[in-house]
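Novice: Predicted coordinates and the sequence they were generated for:
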Amino acid sequence: MAVADPAATKRSDLPVRIASAAVMVTVAGGAFWLGGWFLTAFIAVIGLGIFAEWVMLVLAFERRIMARVRWLVSGVVYIGLGCQSALVLKSGSPGLLDVVASVIAVDIGAYFAGRTFGGPKIAPAISPSKTWSGLGGAILAVTAYLLARTWMAESAIDPQARLEAVHEGLGLGFDLLMALLTGPLIAIVAQSGDFFESWMKRRAGVKDSGRLIPGHGGLFDRADGLIAVLFVLGLIRIIPAIVGR
């Protein structure tokens, strides 16, 4: 019996993957463009879809009732706080679109650096395709995006406001430094979210978290890194408030 070539199978799925990606970009782009309640509803639907896939994974690898309850409560907190952060960021500055673009930069940088340089795996037992060179590429890509975004935002500021910011000790130099510090953190958190979902899938014995998106798997597969970043941003926002009480 002939053994299927994984690379050939992947190439044969390419048209489906491209079509699915185009649909995802169109739907998400439309939600961002319409904003308001449309974007809120989009975030809610995606969050519920991810939680549904979380539940299916948990039911597949955990048989104990109380352990299932703990996992499900954890899913509510993890995904719920991530979605709540998205709702807060959707009208803020930096906004949700900046966070999404940063995570996309992480994925692109990791993919091309990993494919180009290969090298040692980070955690082959969890995710065999993730390499240290990929993480390095992710850090470079997201940092480059943040630096470019900071430069463009600074260029759009009124000269008087820019001068006042400099007098307050902020200004472009401070913003660029923050971009340099934030880039690696976003890359590490996003990749950690990817590893976490891969670990759940391995425990459940499945390749994808779902089958909703042809050629791409489930919603959790596509948003694992984004949910992790949004969750951490949510913690950063609420922990000072809790400690200060």
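Specialist: On my side now, so go ahead.
Novice: Report the buried residues of the helix or strand harbouring E53.
Specialist: According to DSSP states H and E, E53 maps onto helix 36-61. For helix 36-61, a neighbour-count test (16 or more other C-beta atoms under 10 Å) marks 39, 42-43, 46-47, 49-54, 57-58, 61 as buried. Glycine gets a C-beta too; all of them are placed from N, C-alpha and C.
Novice: again with stretch 139-151
Specialist: Applying 16+ other C-beta under 10 Å to stretch 139-151 flags 139-143, 145-146, 149-150 as buried.
Novice: what about that stretch, average pLDDT?
Specialist: Looking at stretch 139-151 alone, the average pLDDT works out to 92.
Novice: Pull the residues that contact it.
Specialist: 94, 98, 101-103, 105-106, 108-110, 113, 172, 175-176, 178-180, 182-184, 186-188, 190 (C-beta atoms under 8 Å, 6 or more residues apart in numbering).
Novice: From those, list just the buried residues.
Specialist: 98, 101-103, 105-106, 109-110, 113, 172, 175, 179, 182-184, 186-188, 190.
Novice: rewinding a little: quick one: which of the buried residues of helix 36-61 is nearest to F195?
Specialist: Set against F195, the nearest of those by C-beta to C-beta is L57 (14.5 Å).
Novice: Wait, that closest one touches K201, no?
Specialist: Yes. Taking contacts as C-beta atoms under 8 Å, L57 lies within contact range of K201: 6.6 Å.
Novice: List the residues that contact G134.
Specialist: Contacts of G134 by C-beta under 8 Å, 6+ apart are 109-111, 113-114, 122.
Novice: mind listing what the residue lying closest to A204 once chain neighbours are set aside touches?
Specialist: Nearest-residue entry for A204: A60, 3.7 Å, with adjacent residues in sequence omitted and distances by C-beta to C-beta, 6 or more residues apart in numbering. Counting by C-beta under 8 Å, 6+ apart, A60 makes contact with 203-206.
Novice: where along the chain do the strands fall?
Specialist: Counting by DSSP state E, the chain has no strands to list.
Novice: packing partners for the longest helix along it?
Specialist: Secondary structure of the chain per DSSP state H: the longest helix is helix 171-204. Judged by 3 or more C-beta pairs under 8 Å, 6 or more residues apart in numbering; DSSP states H and E, helix 171-204 is in contact with helix 36-61, helix 96-117, helix 132-155, helix 159-167, helix 219-243.
Novice: how big is the angle separating the third one from helix 96-117?
Specialist: Helix 132-155 and helix 96-117 meet at an angle of 140 degrees, taking axes from the mean of the first three to the mean of the last three C-alpha atoms, to 10 degrees as the criterion.
Novice: Extract the CA atoms of helix 132-155 and return them as PDB.
Specialist: Extracted in PDB, the C-alpha atoms of helix 132-155 (Å, rounded to 0.1, in the frame of the first residue of the first chain):
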ATOM      1  CA  TRP A 132      14.200  28.400  18.600                       C
ATOM      2  CA  SER A 133      14.900  30.000  15.200                       C
ATOM      3  CA  GLY A 134      11.200  30.400  14.700                       C
ATOM      4  CA  LEU A 135      10.800  32.100  18.100                       C
ATOM      5  CA  GLY A 136      13.700  34.400  17.100                       C
ATOM      6  CA  GLY A 137      12.000  35.200  13.800                       C
ATOM      7  CA  ALA A 138       8.700  35.900  15.700                       C
ATOM      8  CA  ILE A 139      10.500  38.300  18.000                       C
ATOM      9  CA  LEU A 140      12.100  40.200  15.100                       C
ATOM     10  CA  ALA A 141       8.900  40.300  13.100                       C
ATOM     11  CA  VAL A 142       6.600  41.600  15.900                       C
ATOM     12  CA  THR A 143       9.300  44.100  17.100                       C
ATOM     13  CA  ALA A 144       9.700  45.400  13.600                       C
ATOM     14  CA  TYR A 145       5.900  45.900  13.300                       C
ATOM     15  CA  LEU A 146       5.700  47.700  16.600                       C
ATOM     16  CA  LEU A 147       8.600  50.000  15.800                       C
ATOM     17  CA  ALA A 148       7.100  50.800  12.400                       C
ATOM     18  CA  ARG A 149       3.700  51.400  14.000                       C
ATOM     19  CA  THR A 150       5.200  53.600  16.700                       C
ATOM     20  CA  TRP A 151       7.100  55.700  14.100                       C
ATOM     21  CA  MET A 152       4.000  56.200  11.900                       C
ATOM     22  CA  ALA A 153       1.900  57.100  15.000                       C
ATOM     23  CA  GLU A 154       4.500  59.600  16.100                       C
ATOM     24  CA  SER A 155       4.600  61.200  12.600                       C
END
